[in-house]
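Enquirer: requesting a structural model of the entry that follows:
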Amino acid sequence: MATPNPLLLFLISLSSLFLLAFSSKLTLPLSPLAKHPSSSDPIQTLNLLSSASLSRAHHLKRPKHNSSATKVPLYPRSYGGYSISLSFGTPPQISTFVMDTGSSLVWFPCTSRYLCSRCSFPNIDPSTIPAFIPKLSSSARLLGCKNPKCAWIFGPEVNTKCPNSSQACPSYVIQYGSGTTAGVLLSESLDFPDKTVPDFLVGCSFLSIRQPAGIAGFGRGPQSLPVQMGLSKFSYCLVSHRFDDTPVSSDLVLYSGSTSDGDEIDDNHDISYTPFQKNPGAANTAYREYYYLALRKVIVGKKHVKIPYKYLVPGEDDNGGTIVDSGSTLTFMERPVFEAVAEAFATQMEKYTRAGDIENRTGLKPCFDISKEEKVDFPELVFQFKGGAKMAMPFNNYFALVTSDGVVCLTIVTDGVAGPGVAAGPAVILGNFQQQNFYVEYDLERERFGFKKQSCKK
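Expert: Next up, the predicted model:
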């Protein structure tokens, strides 16, 4: 996941300056985080989201290396992601993180010298981005090269490269779909109102590109927040996107302790479940961090879309399969899958006028001009998973109004429309736009993914 970047590596060489300065249920608020410009122009907004989703998909497809409960507020933001606030250190310092199930490292902007390049977004002044200050925390420790947690990021061979036990773990460089970050690893306390997680591995980034907030990795890697906390499961409910930074939130719930006694927490009934799927190849270790789902059918209206089996199941070459990713905005589909789905919509909505000019401007398709229609029949979109679980989406989870005079577009992206293709990795990436107003559960103990349609607004 760590990749060289000349600018970042140059600044990492200056890290010596930094080194001198240096069984419950938790519920956190989860909300959208501002990153791309908020715009009164829906076409511009969707164009940005489409491009960002495609960049994110390319990163996920070809990543580069290196029983009681806690609630956390989860906030949506204008760029399409969702954020949480976490407290680290002694005394605690609060930082904002994008909640990301597609990666595993937790990192925050760090030190008084923190620099965020190309981070001039609305409501964000790059010079005033809050940063964690290690020297103000009595529990902050630079991670040693011999520490087993160093191998979580750099692999077991890193220990053989340490001349002595006092050497620090190497600096990291991590590339995401839309940006990059670099820094050093700390051992620090993670604090909640009624519990503290000591010796938590966290990244202290002193340079980022287009990453104005930290990332809270919720993937399957050992360095992720769920694994380090020993969670049995976590769940969230994503409020609707308005892409305008409306200060509303829903809950991210973290469960520790066993839930295998059959008692459903919070009496959340009528949840559909499907088992997580293993990637049989995973030659690229980053793929092991993803939550693969066994998608069996895509249904548009009454039509079962024909999708070749190789796209539905991950192969020994790591290609194919479906993952769920809270860090992606719009769902991505490999071009053959997308074309089949888009054609099913186009055929069933052929009585409506296609808006080709809007398709060219947004990178989305099909788009329809419904300005003169008194009533519009949108074919239902259903994802059917192994075990029969069906995710039937409300139409505003897969169609968006992109002009004030009545043009709507399918909010799914593919290669070659908004950018070049990457023929590797997952064939379908289920983004957060399609997860709006669903209760979503990652049951780590029972290795299953659950969902239920509901309003997420408090």
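
Enquirer: mind listing the strands for the stretch 151-300 of the chain?
Expert: Along the stretch 151-300 of the chain, counting by DSSP state E, counting those that start in this stretch, strands occupy 172-175, 180-192, 195-209, 214-217, 231-237, 250-256, 272-277, 292-293, 295-300.

Enquirer: off-centre distance for the third one?
Expert: If I follow you right, that is strand 195-209. Centroid separation for strand 195-209 versus its chain: 18 Å, with C-alpha atoms, centre = their mean, to the nearest Å.

Enquirer: before we move on, what about the fifth one?
Expert: Averaging C-alpha coordinates over strand 231-237 and over its chain gives two centres that are 14 Å apart (C-alpha atoms, centre = their mean).

Enquirer: and the contacts of it?
Expert: Strand 231-237 has contacts (C-beta atoms under 8 Å, 6 or more residues apart in numbering) with 30, 67, 74, 82, 99, 218, 225-226, 250-259, 268, 326, 437-446, 450, 454, 456. Every C-beta, even on glycine, is put in place using the N, C-alpha and C of the backbone.

Enquirer: and that strand, which residues are buried?
Expert: For strand 231-237, burial by neighbour count (16 or more other C-beta atoms under 10 Å) applies to 231, 232, 233, 234, 235, 236, 237.

Enquirer: hey, what's the fourth one bridged with?
Expert: Beta-bridge pairing for residue 234 (DSSP bridges): residue 254, residue 442.

Enquirer: same list (the strands of the stretch 151-300 of the chain) but as a markdown table, adding distance to residue 153.
Expert: Below are those laid out as a markdown table (distance: least, C-beta to C-beta, whole Å):
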| stretch | distance to residue 153 |
| --- | --- |
| strand 172-175 | 6 |
| strand 180-192 | 7 |
| strand 195-209 | 8 |
| strand 214-217 | 11 |
| strand 231-237 | 20 |
| strand 250-256 | 23 |
| strand 272-277 | 23 |
| strand 292-293 | 22 |
| strand 295-300 | 31 |
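
Enquirer: burial of residue 332, as a residue count?
Expert: 27 (other C-beta atoms under 10 Å).

Enquirer: one more: the one 10 residues further on?
Expert: Burial measure for residue 342: 21 neighbouring residues, criterion other C-beta under 10 Å.

Enquirer: tell me the SS of it?
Expert: helix (DSSP: H, G, I helix; E, B strand; the rest coil).

Enquirer: circling back: buried deepest among the strands of the stretch 151-300 of the chain, which one?
Expert: Mean neighbour count (mean count of other C-beta atoms under 10 Å) peaks for strand 214-217 among those, with a mean of 29.

Enquirer: quick check: mean pLDDT of that strand?
Expert: Averaged across strand 214-217, pLDDT comes to 94.

Enquirer: returning to what we had before: now for the strands of the stretch 151-300 of the chain, which one comes closest to residue 112?
Expert: Evaluated over those, closeness to residue 112 peaks at strand 195-209, with 9.5 Å, by C-beta to C-beta.

Enquirer: direction included, what does that closest one pair against?
Expert: strand 106-109 (parallel), strand 115-117 (parallel), strand 180-192 (antiparallel).

Enquirer: circling back to that earlier point, ok, which of the strands of the stretch 151-300 of the chain comes nearest residue 404?
Expert: Closest among the strands of the stretch 151-300 of the chain, using C-beta to C-beta: strand 295-300, at 27.2 Å.

Enquirer: that closest one - what's its average pLDDT?
Expert: According to the model, strand 295-300 has a mean pLDDT of 98.

Enquirer: partner strands of it and their direction?
Expert: strand 303-305 (antiparallel), strand 381-385 (antiparallel).

Enquirer: for the host helix or strand of residue 323, which strands pair with it and how are they oriented?
Expert: Under the criterion of DSSP states H and E, residue 323 resides in strand 322-324. Sheet partners assigned to strand 322-324 using DSSP bridges are listed as strand 292-293 (antiparallel), strand 428-430 (parallel).

Enquirer: what sits closest to residue 406 if chain neighbours are left out?
Expert: Leaving aside its sequence neighbours, residue 406 sits nearest to residue 371 (C-beta to C-beta, 6 or more residues apart in numbering; 3.2 Å).

Enquirer: tell me who's in contact with the one you found.
Expert: Counting by C-beta under 8 Å, 6+ apart, residue 371 has contacts 405, 406, 407.

Enquirer: same deal with residue 307?
Expert: 297, 298, 336, 337, 340.

Enquirer: wait, which of these is closest to residue 380?
Expert: residue 298 (11.3 Å).

Enquirer: any idea what that closest one is bridged to?
Expert: Beta-bridge partners of residue 298, as defined by DSSP bridges: residue 305, residue 383.

Enquirer: from now on call the first residue 325
Expert: With 325 as the first residue, the last one maps to residue 622.

Enquirer: how close does it get to residue 419?
Expert: As defined by C-beta to C-beta, to the nearest Å, residue 622 lies at a distance of 39 Å from residue 419.

Enquirer: same question, residue 721
Expert: 30 Å.

Enquirer: drop anything exposed from the contacts of residue 695.
Expert: Buried members of the contacts of residue 695, counted by 16+ other C-beta under 10 Å: residue 731.

Enquirer: can I get the contacts of residue 695 in TSV with pLDDT?
Expert: Shown next, in TSV, are the contacts of residue 695 (pLDDT from 0 to 100):
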residue	pLDDT
729	86
730	93
731	96
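
Enquirer: mind putting the contacts of residue 695 into JSON lines with distance to residue 478 and secondary structure?
Expert: Output for those, formatted as JSON lines (distance: C-beta to C-beta, whole Å; DSSP: H, G, I helix; E, B strand; the rest coil):
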{"residue": "729", "distance to residue 478": "54", "secondary structure": "coil"}
{"residue": "730", "distance to residue 478": "53", "secondary structure": "coil"}
{"residue": "731", "distance to residue 478": "49", "secondary structure": "strand"}
